[in-house]
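1. fold the following.
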Amino acid sequence: MKSIDTVIEEYRNRLFIIAKEDGIDSHRTLIASQHLDELLNMKMFENQPPLHEEK
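-> Alright, predicted model coming up:
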């Protein structure tokens, strides 16, 4: 299984390729960017404690 860092780097490279091929304002670039954002959010929150702990 690939680490999340590896997957993020792969999607980042894919995003740059799509943006170069289709342009920065294309729908495909937007979708790729949103997917990368989701991965980055997963990475950011993977080790964070919950905001509200049950008592």
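2. so where's the chain shaky on pLDDT?
-> Counting by pLDDT under 70, the chain has low-confidence residues at 53-55.
3. same thing but 80
-> Along the chain, segments meeting pLDDT under 80 span 47, 49-55.
4. in this protein, mark out all the helices, start to finish.
-> For the chain, helices defined by DSSP state H occupy the ranges 4-22, 27-45.
5. redo those as a markdown table? Include distance to Leu51 and mean neighbour count.
-> Where C-beta positions appear, they are placed from N, C-alpha and C, glycine not excepted. Compiled in a markdown table, those are given as follows (distance: least, CB to CB, whole Å; neighbours: other CB atoms under 10 Å):
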| stretch | distance to Leu51 | mean neighbour count |
| --- | --- | --- |
| helix 4-22 | 21 | 14 |
| helix 27-45 | 10 | 13 |
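6. ok, and the closest non-adjacent residue to the residue nearest to the spatial centre of the chain?
-> Nearest to the geometric centre of the chain sits Leu36, at 2.1 Å (CA atoms, centre = their mean). Spatially, and ignoring its direct neighbours in sequence, Leu36 is nearest to Tyr11 (4.7 Å; CB to CB, 6 or more residues apart in numbering).
7. same question for Glu46.
-> Going by CB to CB, 6+ apart, Glu46 has Ile4 as its nearest residue, at 7.1 Å.
8. got the contact list for the one you found?
-> Applying CB atoms under 8 Å, 6 or more residues apart in numbering to Ile4 gives the contacts Leu39, Met42, Lys43, Glu46.
9. Phe16: which of those is nearest?
-> Nearest to Phe16 among the contacts of Ile4 is Leu39, at 14.8 Å by CB to CB.
10. distance of that closest one from Gly23?
-> To Gly23, Leu39 is 22 Å away according to CB to CB, to the nearest Å.
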